[in-house]
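J.: what would the 3D arrangement of this be:
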Amino acid sequence: ERRRMFIRDLSELSISDNTTDFDSVLNICLSDSDPDVKRLTISSVYESEEVTLIKPLLNVMSKESDTAIRASAADALGQFVLRAELGEYDPQIHDMLLHGLLGIVEDDSTEDLIRAKALESVAYVDANPVRDLISSFYGNESQILKTSAITAMGRSGDERYSSHILSELENEDIGMRYQAVVAAGELQLESASNTLKRVVVEDEIELRRSAMNSLAEIGNAHTLPFLSRFIDDLLLGDDAISAINRISLAGGSHGVMSDDEQAEEVNWW
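T.: Presented below is the predicted three-dimensional model:
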């Protein structure tokens, strides 16, 4: 219990103190025998960019007995994959991440949750094997794997998945619909704007917030009048202001609205 309290305190301190290096401690704690210590440590890893944490995380993902902890480790590796894909790490680190994550994703004997999180993390890599696995998971009967494919599509940055995302925005399953909303923003799909507006008006609160964020990611200045209607909304006011500021600061695109878009804009209210 004392070790758990230490990690909780360390996690809180790492958020408020950007000058102290806690990575060596996190590295040690990832090998702790207490599952709760590992779980808490992994949650703290998201604040770190330290490359020495990658091998311990890969080890936890591959060998830990607890499914949830393995899945958390796979998820935490995503930030490192993104940095590696952007060239921030040596090619050997990139290859180690790709090999380790693909090994989990391709292993049918591994629990779906772990494979799903591994696919989501490796999705940042622009490689044919990754694209093939995204397609495979999307066609899988497992809801966990199919939902993870939608997340992976967004993270891939590949517009070839646009039609799938647009289709899943209409899915009755809230989990699929939520991930499609996020992916539409990540892929900056202007063709999803009107559907995202409908989500903001009609859907569950978390989806409404996510849809506002995706509209900000898309960054079309024509969305500003729509978003401004929510500034005084008790639930969405802060989200609307944030989205408006992001679009404005980014110099949002002013593409010409189609006749259908103009008509729908008039009919929203």
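J.: not counting its own residues, what contacts stretch 158-174?
T.: Defining contact as Cβ atoms under 8 Å, 6 or more residues apart in numbering, one finds that stretch 158-174 is touched by 126, 131, 134, 138, 143, 147, 150, 153-154, 176-177, 179-181, 183-184, 187, 189, 191-192, 195-196, 199, 204, 207. Placement of C-beta: from N, CA and C, glycine included.
J.: buried ones among the residues you listed?
T.: Buried subset of the contacts of stretch 158-174 (neighbour count, 16 or more other Cβ atoms under 10 Å): 131, 134, 138, 147, 150, 153-154, 176-177, 179-181, 183-184, 187, 189, 192, 195-196, 199, 207.
J.: which residues touch the closest residue to Gln179 other than its chain neighbours?
T.: Nearest residue to Gln179 in three dimensions, chain neighbours excluded: Ile150, at 4.2 Å (Cβ to Cβ, 6 or more residues apart in numbering). Shown in contact with Ile150 (Cβ under 8 Å, 6+ apart): Tyr138, His164, Ile165, Glu168, Met176, Gln179, Ala180, Ala183.
J.: repeat for Ser62
T.: Ser62 is in contact with Arg70, Gly100, Gly103, Ile104, counting by Cβ under 8 Å, 6+ apart.
J.: ok, now Asp75?
T.: Counting by Cβ under 8 Å, 6+ apart, Asp75 makes contact with Lys117, Glu120, Ser121.
J.: give the buried residues for stretch 83-93.
T.: Here stretch 83-93 shows Arg83, Ala84, Glu85, Tyr89, Ile93 as buried, counting by 16+ other Cβ under 10 Å.
J.: export the residues you listed to JSON lines and append columns for distance to Arg246 and pLDDT.
T.: As requested, the buried residues of stretch 83-93 are exported to JSON lines (distance: Cβ to Cβ, whole Å; pLDDT from 0 to 100):
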{"residue": "Arg83", "distance to Arg246": "23", "pLDDT": "96"}
{"residue": "Ala84", "distance to Arg246": "27", "pLDDT": "96"}
{"residue": "Glu85", "distance to Arg246": "24", "pLDDT": "96"}
{"residue": "Tyr89", "distance to Arg246": "29", "pLDDT": "94"}
{"residue": "Ile93", "distance to Arg246": "32", "pLDDT": "96"}
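J.: which one of those residues is nearest to Glu64?
T.: Among those, Ile93 lies closest to Glu64 (Cβ to Cβ), at 21.4 Å.
J.: mind checking the SS state of that closest one?
T.: Judged by DSSP: H, G, I helix; E, B strand; the rest coil, the three-state class of Ile93 is helix.
J.: residues contacting the closest residue to it other than its chain neighbours?
T.: Among residues not flanking Ile93 along the chain, Ala84 sits closest, at 5.5 Å (Cβ to Cβ, 6+ apart). By Cβ under 8 Å, 6+ apart, the residues touching Ala84 are Ile93, His94, Leu97.
J.: check Asp126 too.
T.: Asp126 is in contact with Glu85, Ser156, Gly157, Asp158, counting by Cβ under 8 Å, 6+ apart.
J.: residues in contact with the first one?
T.: Contact criterion Cβ under 8 Å, 6+ apart gives His94, Tyr124, Val125, Asp126 as the residues in contact with Glu85.
J.: state the distance from the third one to Arg198.
T.: What that stands for is Val125. Shown here: Val125 relative to Arg198, a distance of 33 Å by Cβ to Cβ, to the nearest Å.
J.: which of those two has more neighbours?
T.: Between Val125 and Arg198, counting by other Cβ atoms under 10 Å, Val125 is the more crowded of the two (20 against 15).
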